[in-house]
Structures are given as structure tokens and as C-alpha cells.
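Novice: turn this into a structure:
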Amino acid sequence: MNLTTHYMGFGLRTPLAISSSPLCENLDRIREMVDAGASAVVLHSLFEEQLEIESRGLDRNLNAGTESYAESPTYFPDIDHFKLSREAYLEHIRKVKQAVDVPVFASLNGVSAGGWIEIARQMESAGADGIELNIYFLATDPASLGNQVEQLTVQLVKDVAARVTIPVAVKLSPFFSATANIIRRIDQAGAKGVVIFNRFYQPDLDLENLEVLPDLTLSSPEELRLRLRWAAILFPHLEADIAITGGVHSAEDAIKAMMVGARVAMMTSAVLKNGPGHFKTVLDHMTAWMEKHDYESVEQMQGSMSHTHVADPAAFERANYMKVLGSWREASVTG
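Specialist: Numbering: from 1, shown residues only. Take a look at the predicted model:
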């Protein structure tokens, strides 16, 4: 059974990859996941704000705005325990590259154009095979216009892609007024991969102490549906490769991701729940499913259920809304 795929110019042994998370801080854990079948590694994000904090020694700022980040800095409780300096991160890239024989992508979450470009070039010099730009900007200022936010995002991708020679992927949220358009513009700006989607870690309220509490909740398979829908819609319109992250827990989830056009399915939450060996479990189940349904390769199924290949494309669009509501009414009556 041929499980190989291609992502951002790299041939991968399997369609499963390690998504950016604290799991990727530990070298031994990365080895375990690769040995179990992960075919690419996206390292944990380096936040530009963290570099500013380190340089200024402002411990009190470490938790400021944690509700806004895709990967909450509350993983790092205080500056004394914070060991992810720029130099340490670059050294980690070098060590991971020496430890595993799969593509290693650095992850960068920045706030300024200059910061993104400078750090991206240093990541390239450290040996990263590619860079995942983790774009997670919340336009909380009522004066910010949607087209301004979108143009800033596109220009950022264009600037970084032009200043490095390694491929650049963009991980972004679905919260744009015209999601398909902004992703196509990112594709045209030079991105070689599009990672859909960032998870929005929303804060909770402590009613006893009247405090805002950062809250981390692992993903669930139900979250995959949003990703499947947009991947299916985007697949016919992009040159960039699609990666799906968020909600991939089982072989069935990974197969669905391939069917709608993803080149890789990325996992973290399922691995946190089940351990590094979960990659092997998913791959074994994928192989069994493919044999049962007469698929000879992963590439054979990629895009086969995208927007332009299904019998009813409206199932991915608004028309499906009426069918869903109708099915609920029918179930209520018959029940």
C-alpha cells in the first residue's frame, strides 16, 4: 500500500505530520512520533513577543493577551522557566534536523514585518526545511477595516517568501469575510502551503476572583468539519498544498482530509491523549481501510471528494443548510 504524499516540494513517507505544539519541544518525543509514522515535523511556535520579553526582562508581560494567541504562552509560566530564546530555538532546529530524517518546519508567530523576516532568515540558516507562518491576528480595534487586515496579511506573506529560499506555509484562521479569496491571495503571494485552520483559544471568566482565565481545550473530531469544507472548496483553486490541522484524531479523519484535497493531516490533540504510538495506529487503520475499498495509494484519493468532484457541490455551500434543517425536522417528527 503506497502511503506516500507530497507537501511543499517534499516527498513524505506518510500523509501524517506533527503539528506545531509543545510536544515538539522534546527531542525524544519527536523521535518517538517519527518512528511511529509521522512524516514531517512542525516545531512549536517561536513568538516574536517572547523575544521582546526576554530582551527587556519584562516578566509581567508574559501572560498579557494570552487569549489572543493560537498557541497560548501560558505554557511558559514565568520568565525564569522560559528557555525558548532565539538562540535556543535555532539550536533546537539543528538538533531536530540531526535526530530525524523527515522534513522539519520551523514555526513563527510574529507581530511586525521586520521581525518576521529577520527571524525567518535565521531559521533558514539554522537548517529548517521550511517555515510555517502562524498568522493569528485579532482585529480588536473597531477602527480596523477588513480589507486593511487582509492586505497586511498578504503583504506579510509576500515579504517573507521573497526573503527566504525555503518554502513557506501559512497557518491562519477561518475568520475572514471572504476566506476563499484571502487564501487564494496568500497562494499568489508565494506561499507553498496553506494550513487550515488555527484554533481560537478563548478565555473563560473566574467569577469568584473576577479574573480572565486562559483556557486550553484539546480539539475534538467535530472540529474537522470546518476544515473539510474549506479544503474541498479551495482545492481546485490553489497551487499551494493544503494541510489540515485541528480535529484529526482517527484514520477516518485522515482519510476524509485526503479526500477533500489535503496533502497532509496534522495531529496533536490525539497524540496528547493517546501517546506518540497513535501515529502508527492511525496508519494501520488507514491501510486496512484502503485495502478494503481498493485504493492503491493515498494520492489516488486526494481531491476525489473536493468541490468540483462530488456529485452535489452544493453540499459544501449554503444550499446544504436547508437540507440539514429539513433532516432535523423529519427526525423530530418520526422520533
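Novice: check contacts around V168.
Specialist: 120, 130-133, 157, 160-161, 190-193 (CB atoms under 8 Å, 6 or more residues apart in numbering). Quick note: C-beta positions are derived from backbone N, CA and C, even for glycine.
Novice: which of these are buried?
Specialist: When neighbours are counted using 16 or more other CB atoms under 10 Å, the contacts of V168 contain these buried positions: 120, 130-133, 157, 160-161, 190-193.
Novice: show me these that map onto helices.
Specialist: 120, 157, 160-161 (DSSP state H).
Novice: how near is A243 to G193?
Specialist: A243 is 6 Å from G193, where distance means CB to CB, to the nearest Å.
Novice: cool, and N26?
Specialist: Between N26 and G193 the distance, using CB to CB, works out to 25 Å.
Novice: now E252
Specialist: Note on E252: its distance to G193, by CB to CB, is 24 Å.
Novice: also G247?
Specialist: In this structure, G247 and G193 are 18 Å apart, going by CB to CB.
Novice: ditto for H237
Specialist: Separation of H237 from G193 (CB to CB) stands at 15 Å.
Novice: can you redo the buried ones among the contacts of V168 as TSV with pLDDT?
Specialist: Putting those into TSV (pLDDT from 0 to 100) gives the following:
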residue	pLDDT
A120	94
G130	98
I131	97
E132	97
L133	95
V157	94
V160	94
A161	96
G190	97
A191	98
K192	98
G193	98
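Novice: can you put those in TSV and add distance to S19?
Specialist: Conversion of these to TSV gives the following (distance: CB to CB, whole Å):
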residue	distance to S19
A120	19
G130	14
I131	15
E132	9
L133	14
V157	19
V160	20
A161	21
G190	22
A191	17
K192	17
G193	13
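Novice: of those residues, which is the nearest to G275?
Specialist: Lowest distance from G275 to those (CB to CB) belongs to E132, with 24.0 Å.
Novice: one step back: just the contacts of V168 now: which is nearest S20?
Specialist: Relative to S20, and with distances defined as CB to CB, the nearest of those is E132, at 6.4 Å.
Novice: correct me if wrong: the closest one contacts V104.
Specialist: No: between E132 and V104 there is no contact under CB atoms under 8 Å: 10.8 Å.
Novice: what touches both of the two?
Specialist: Common neighbours of E132 and V104 (criterion: CB under 8 Å, 6+ apart): none identified.
Novice: counting neighbours, what do you get for E239?
Specialist: 9 (other CB atoms under 10 Å).
Novice: actually, K95.
Specialist: 14.
Novice: what's the pLDDT at it?
Specialist: Here the pLDDT value assigned to K95 is 98.
Novice: also P203?
Specialist: P203 is assigned a predicted lDDT (pLDDT) of 82.
Novice: could you number the chain from 20 rather than 1 from now on?
Specialist: Taking 20 as the first residue, the last one we looked at is P222.
Novice: state the distance from it to T236.
Specialist: Summarising the geometry, the distance separating P222 from T236, computed by CB to CB, is 11 Å.
Novice: of those two, give the one with the bigger neighbour count.
Specialist: Relative neighbour count places P222 above the other of P222 and T236, with 15 against 10, counting by other CB under 10 Å.
Novice: just the helices in the stretch 70-219 of the chain please.
Specialist: Taking DSSP state H, counting those that start in this stretch to define them, one finds helices in the stretch 70-219 of the chain at 105-118, 132-144, 165-182, 198-207.
Novice: buried residues of the second one, list them for me.
Specialist: Residues of helix 132-144 classed as buried: 134-143 (neighbour count, 16+ other CB under 10 Å).
Novice: then stretch 20-29?
Specialist: Along stretch 20-29, the positions that meet the burial threshold by neighbour count (16+ other CB under 10 Å) are 22, 24, 26-27, 29.
Novice: how about stretch 311-327?
Specialist: 314, 317-318, 320-322, 324-326.
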